[in-house]
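1. sharing a model prediction with you, sequence too.
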Amino acid sequence: MRFISVLMGSKSDYEIMKEAVKVLEKFQIPYELIITSAHRTPERTHDYVKNAEKRGAQVFICGAGMAAHLAGVVASLTTRPVIGVPMPSGMMDGLDALLSTVQMPGGMPVATLAVGKAGAKNAAYLALQILANSDDELKAKLEEDRIAQAKKVELDSKEVEVRLD
Ligand SMILES: Nc1c(C(=O)O)ncn1[C@@H]1O[C@H](COP(=O)(O)O)[C@@H](O)[C@H]1O
């Protein structure tokens with residue numbers, strides 16, 4: 001079965017990573033969610049990624065904070081796309097995680113998104129867009145979602161807007 005795999009380095013990342021899960025559930029895409037750490041549980045991380053790839057994981061989304069090596073290590077274990085979401089924690093409030101997620105050596109990409117909830121949400125959208133390359137039904141759903149987003153902007157504006165024309 002094709003599915004998206006969501007990994008996070010600690011339970012403390014869950015509040016943020018829930019934003020990714022919400023999007024996957026909204027689009028009814030099968031996903032797995034697991035806590036595993038490249039630092040604290042290297043073997044578990046290795047075994048999970050190798051096994052998930054065999055079982056049909058199409059994209060890995062990895063949320064981690066501070067010295068955020070999880071996404072980079074996952075990228076070293078699979079040729080499936082890996083999306084990194086830096087957590088807003090630590091003494092630099094996520095800048096440390098952003099840099100340690102984004103600065104991968106050439107040939108070993110991690111698609112690194114924004115720090116925090118917006119990054120987690122976009123990680124799910126990006127994973128869906130990757131799947132939609134070979135799924136026209138999902139592509140149509142993503143297009144409908146864009147239309148809904150645009151409508152919401154107009155409705156929100158109507159509540160507050162002031163115009164002179
Ligand atoms: N960056 C990593 C990795 C890793 O990269 O393997 N494992 C845990 N962590 C991060 O450590 C932070 C603090 O974790 P705790 O709250 O458990 O102390 C979390 O944001 C987690 O993602």
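-> Okay, I see it. Please read these numbers as outputs of a predicted model, since none were measured by experiment.

2. hmm, Lys117 is touching Met17, no?
-> No: the pair Lys117 and Met17 does not pass the contact test of C-beta atoms under 8 Å, sitting 9.2 Å apart. Where you see a C-beta, it was placed from the backbone N, CA and C, and this is true even at glycine.

3. more neighbours: the two, which one.
-> More crowded of Lys117 and Met17, by other C-beta atoms under 10 Å: Met17, with 27 against 16.

4. and the residue nearest to that one when sequence neighbours are not counted, how many neighbours does it have?
-> Nearest residue to Met17, sequence neighbours excluded (C-beta to C-beta, 6 or more residues apart in numbering): Gly63, at 4.5 Å. Counted with other C-beta under 10 Å, the neighbours of Gly63 add up to 31.

5. Gly63 reaches Met8, doesn't it?
-> Yes: using C-beta under 8 Å, Gly63 is in contact with Met8, at 4.3 Å.

6. quick one: average pLDDT of the lengthiest helix in the chain?
-> Under DSSP state H, the helix in the chain containing the largest number of residues is helix 136-160. What helix 136-160 shows for mean pLDDT is 98.

7. buried stuff in that helix?
-> Using 16 or more other C-beta atoms under 10 Å as the burial criterion, the residues of helix 136-160 that qualify are 138, 141-142.

8. ok now stretch 120-128, how far from the chain's centre?
-> Distance, stretch centre to chain centre, for stretch 120-128: 5 Å (C-alpha atoms, centre = their mean, to the nearest Å).

9. close to the ligand, is it?
-> No: Stretch 120-128 is not in contact with the ligand by C-beta under 6 Å from any ligand atom; minimum separation 12.2 Å.

10. outside of that stretch, which residues touch it?
-> With C-beta atoms under 8 Å, 6 or more residues apart in numbering as the test, stretch 120-128 has contacts from 4, 16-24, 27, 29, 58-59, 61, 63, 81, 83-85, 111, 113-114, 138, 142.

11. out of the residues you listed, which sit inside helices?
-> Among those, the members falling in helices (DSSP H) are 16-24, 138, 142.

12. kind regards, and thank you for your time.
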